[in-house]
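S.K.: let's see this in three dimensions:
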Amino acid sequence: MLPPGPRLPAAVQGLGFALRRRQTIAAIARRHGPVFTIAIPLFGDVVVIADPTMARQLFTTSTDRVVNIRPNLGRVLGSGSIFSLDGRDHRRRRRLLTPPLHGKRIRLYEAVVAEELEAESRSWPIGTPFPTLEPMMRVTLNVILRTVFGAQGTELRTLREIIPPMVEVGSRMATIPDIPISLGRMDPRRRFAARRATYDHLVRSLITQARNDSRLDERDDILALMVQSRYDDGSAMTDAEIADELLTLLVAGHETTATTLAWAIERLQRHPALLDALVREVDAGGDELIAATITEIQRSRPVIDFAGRHVVDDMIELGPYRIPKGYNIMVAISLLHDDSRHFRDPERFDPERFLGSTPGPAWLPFGGGTRRCIGAAFAQMEMDVVLRTLLRDFTVEPTTSRGERWHSRGVAYAPGDGGRVTLHRRRDR
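M.R.: So this is what the prediction gives:
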């Protein structure tokens, strides 16, 4: 038995999802409950889940029975991307990539994040409102270029030029179906392919340099670590696989982290008491409130609203439902985060709800299970360092203006006005 769903024609359901995704899903959930079936362009027949128990059940289902949602970012990022891999291949790759993005390793990158924020902020207007999304995009991009690629000089400048438009076009491509005909100069696939060719040429050169570097073992960038990494059988990643994975880290981490930071600034200036408390904590060297604040920003303003799987077994059971082969199953992160059964007064921005406590199973900004975002720890570190540095060096001018609307950039949701803020240099610094 499949969950209930709207009886509207599939074309109407799809149009609502394509044009107003968050509003459409919320409206269906109000009518049919936290689990329902919908027809979506690109993804076909989809079961949507906004129940943490079922979400956990899905995320712990054997990878022989469910695989990554189809289609996924792998069709944009390449066959060597972790998004394209399933089963044993995915597990092997994940084990290989986990060490550089966790634990003591990422602490080495904290100084890089602070340096990039400080360099970017030197050009910010003082006392004049400006959008923070693009500046944060530049910060997170430069952090990735330095920590992941180890790029410098001309290579750094070229990557800095081609990556932003490449990520923007790729994000849009990931949410629209493949069209069997060419649209000429207006075709986003054509623009993406041209930039991808430049990227591949440059990154293959960086990989070759790394393989020939006699002091490779002294480097701490993630490219160098990938080149040196070996699977259990002693084999190494190919150049094509490394290029795809490096692009994956860019797309999956660069835009989402920057967007969350823009939302953070958008939220904080509308809560002056919290802002003052955060400044006091940062000045005193504390970390509890700022960690809770980041957690609440991710709850109240999730930039990614779905995490999904695709059924490859004949059928799987989720609660009372039986989902047949060929269906996609999406966990509706935004619905879970807005549910009063899991978060009291969910419409209220309240970091104190996470003070001294660990987020429950309904908090899923990084997805879950074996496909939980592999760069989650890196992203958390980056957001923490950026916000600390910002509050240390600047005073954020509070505002009483209405909060910014949600704006879809394709895969991610950003503040509609770019997270506008007015800053002043701290005189006590």
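S.K.: can you tell me how far the residue nearest in space to the middle of the chain is from Gly16?
M.R.: Centre of the chain computed as the mean C-alpha position; nearest residue by CA atoms, centre = their mean is Thr256, 3.7 Å away. Going from Thr256 to Gly16 by CB to CB, to the nearest Å gives 25 Å. C-beta here means a position set from N, CA and C on the backbone, and glycine is covered the same way.
S.K.: now Thr259
M.R.: When CB to CB is the yardstick, Thr259 and Gly16 sit 24 Å from each other.
S.K.: so the two - more neighbours on which side?
M.R.: Thr259 (26 against 19; other CB atoms under 10 Å).
S.K.: and the helices in the stretch 251-400 of the chain, which stretches?
M.R.: Ranges of helices within the stretch 251-400 of the chain are 255-268, 272-284, 288-300, 333-337, 376-393, based on DSSP state H, counting those that start in this stretch.
S.K.: CSV for the ones you listed, including mean pLDDT and distance to Pro361?
M.R.: Converted to CSV, those look like this (pLDDT from 0 to 100; distance: least, CB to CB, whole Å):
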stretch, mean pLDDT, distance to Pro361
helix 255-268, 96, 21
helix 272-284, 97, 26
helix 288-300, 98, 13
helix 333-337, 96, 9
helix 376-393, 96, 16
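S.K.: export these to a markdown table and tack on distance to Asp221?
M.R.: As requested, the helices of the stretch 251-400 of the chain are exported to a markdown table (distance: least, CB to CB, whole Å):
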| stretch | distance to Asp221 |
| --- | --- |
| helix 255-268 | 18 |
| helix 272-284 | 29 |
| helix 288-300 | 25 |
| helix 333-337 | 31 |
| helix 376-393 | 13 |
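S.K.: what's the closest of the ones you listed to Ile162?
M.R.: helix 255-268 (14.7 Å; CB to CB).
S.K.: next, the angle helix 272-284 makes with that closest one.
M.R.: Going by axes from the mean of the first three to the mean of the last three CA atoms, to 10 degrees, helix 255-268 is angled at 120 degrees with respect to helix 272-284.
S.K.: what is helix 255-268 packed up against?
M.R.: Helix 255-268 makes packing contacts with helix 133-144, helix 272-284, helix 288-300, helix 376-393, strand 413-415, strand 420-421 when contacts are defined by 3 or more CB pairs under 8 Å, 6 or more residues apart in numbering; DSSP states H and E.
S.K.: now for the residue nearest to the centre of the chain: which residues touch it?
M.R.: Counting by CB atoms under 8 Å, 6 or more residues apart in numbering, Thr256 makes contact with Val303, Ile304, Ala379, Ala412.
S.K.: of those, closest to Pro165?
M.R.: Using CB to CB, the contacts of Thr256 come closest to Pro165 at Ala412, 15.5 Å.
S.K.: burial of the closest residue in space to the closest one that isn't next to it in sequence, as a residue count?
M.R.: Nearest residue to Ala412, sequence neighbours excluded (CB to CB, 6 or more residues apart in numbering): Val303, at 4.4 Å. By the criterion of other CB under 10 Å, Val303 has 24 neighbours.
S.K.: rewinding a little: looking at the helices of the stretch 251-400 of the chain, which is closest to Val421?
M.R.: helix 255-268 (5.0 Å).
S.K.: the inter-axis angle of the closest one versus helix 376-393?
M.R.: Angle between the axes of helix 255-268 and helix 376-393 is 40 degrees (criterion: the same axes, to 10 degrees).
S.K.: now do helix 255-268 against helix 288-300, angle only.
M.R.: Going by the same axes, to 10 degrees, helix 255-268 makes 110 degrees with helix 288-300.
S.K.: from the middle of its chain, how far away would helix 255-268 be?
M.R.: Offset of helix 255-268 from its chain centre (CA atoms, centre = their mean, to the nearest Å): 11 Å.
S.K.: again with stretch 29-44
M.R.: The gap between the average C-alpha position of stretch 29-44 and the chain average comes to 23 Å, counting by CA atoms, centre = their mean.
S.K.: contacts for that stretch?
M.R.: Stretch 29-44 is contacted from outside by 2-6, 10, 13-14, 17-18, 25, 28, 45-51, 54, 69-71, 175-177, 308, 318-319, 321, 326-328, 330, 332, 335, 339, using CB under 8 Å, 6+ apart.
S.K.: tell me the mean pLDDT for that stretch?
M.R.: Model confidence over stretch 29-44, given as mean pLDDT, is 90.
S.K.: now the end-to-end length of it.
M.R.: Separation of the first and last residues of stretch 29-44 by CA to CA, to the nearest Å is 18 Å.
S.K.: buried residues in it, which are they?
M.R.: Taking 16 or more other CB atoms under 10 Å as the neighbour-count basis, stretch 29-44 is seen to contain the buried residues Ala29, His32, Pro34, Val35, Phe36, Thr37, Ile38, Ala39, Ile40, Leu42, Phe43.
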